[in-house]
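**Q** With the sequence up front, the predicted model follows.
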Amino acid sequence: MTLATVLLVDDEPLILSAASAALRSNGFTVHTCDQWTEVARIVRESKPDLVLLDYNMPSLKGDYICTVLKRNIDADMKVMLYSSEPESDLQTIVAGCGADGYIPKNVTAEEFVRWVRDVLSDTSRSTVC
């Protein structure tokens with residue numbers, strides 16, 4: 001049974017592989033993207049329930065991509081950032097771009113899946129997962 005569709009955006013192949021494997025093994029449909037230039041096209045085609053953006057993409061930060069998605073495609077789309085930035089910085093970044101939360105990159109696979117489930121089941125906006 002498929003729970004939801006998630007688009008993972010990260011320029012690091014190992015992170016894309018590990019994160020997508022964790023989600024797929026827990027029933028999610030997963031699309032991956034390693035270039036910010038493809039995000040809008042993939043979102044329009046796959047209509048994911050959640051977009052999970054790496055904050056530190058080359059040449060363009062995830063918060064900017066989040067802002068573009070929310071303003072130009074769907075203001076209600078669930079978008080989360082994930083990063084190894086300090087938590088206090090991520091809270092400020094999330095609040096500024098309208099993301100639904102963030103996930104630190106140093107969490108276990110189980111915690112990662114739990115946080116994705118939590119944000120997808122939460123109908124209210126949350127700045128921290």
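**A** Yes, it's here. If you're wondering where the values come from, they're calculated on a predicted model, not measured in any experiment.
**Q** Surely Leu52 is within a strand?
**A** Yes - counting by DSSP: H, G, I helix; E, B strand; the rest coil, Leu52 is found in a strand.
**Q** from memory it sits against Tyr82, does it?
**A** Yes - counting by C-beta atoms under 8 Å, Leu52 does reach Tyr82; the two are 5.9 Å apart. In this view, the C-beta of every residue, glycine as well, is placed from N, C-alpha and C.
**Q** Overlap of the contact sets of the two?
**A** Common neighbours of Leu52 and Tyr82, counting by C-beta atoms under 8 Å, 6 or more residues apart in numbering, are Ile103.
**Q** Quick check: pLDDT value at Val116.
**A** Looking at Val116, its pLDDT stands at 93.
**Q** OK, contacts around the residue positioned nearest the centre of the chain?
**A** Here the mean C-alpha position of the chain is nearest to the C-alpha of Leu52 (C-alpha atoms, centre = their mean), at a distance of 0.9 Å. Taking C-beta under 8 Å, 6+ apart, we find Leu52 in contact with 6-9, 19, 79-82, 103, 116.
**Q** go with 7 Å
**A** Residues counted as contacts of Leu52 (C-beta atoms under 7 Å, 6 or more residues apart in numbering) are 6-9, 80, 82.
**Q** Looking at those, which gets the smallest pLDDT?
**A** Minimum pLDDT for the contacts of Leu52 is recorded at Tyr82 (89).
**Q** thought that one was touching Ile103?
**A** Yes - using C-beta atoms under 7 Å, Tyr82 makes contact with Ile103 at a distance of 4.3 Å.
**Q** So these two - more neighbours on which side?
**A** Tyr82 (27 against 22; other C-beta atoms under 10 Å).
**Q** mind checking the SS state of the more buried one?
**A** Quick answer, by three-state DSSP: Tyr82 is strand.
**Q** what bridges to it?
**A** Asp54, Ile103 (DSSP bridges).
**Q** most surrounded residue in the contacts of Leu52?
**A** Going by other C-beta under 10 Å, Tyr82 tops the contacts of Leu52 with 27 neighbours.
**Q** and that one, what does it touch?
**A** 52, 54-55, 102-103, 105.
**Q** Redo those as TSV? Include pLDDT and distance to Ile42.
**A** Formatted as TSV, the contacts of Tyr82 follow (pLDDT from 0 to 100; distance: C-beta to C-beta, whole Å):
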residue	pLDDT	distance to Ile42
Leu52	96	12
Asp54	93	14
Tyr55	92	18
Tyr102	90	21
Ile103	90	20
Lys105	87	21
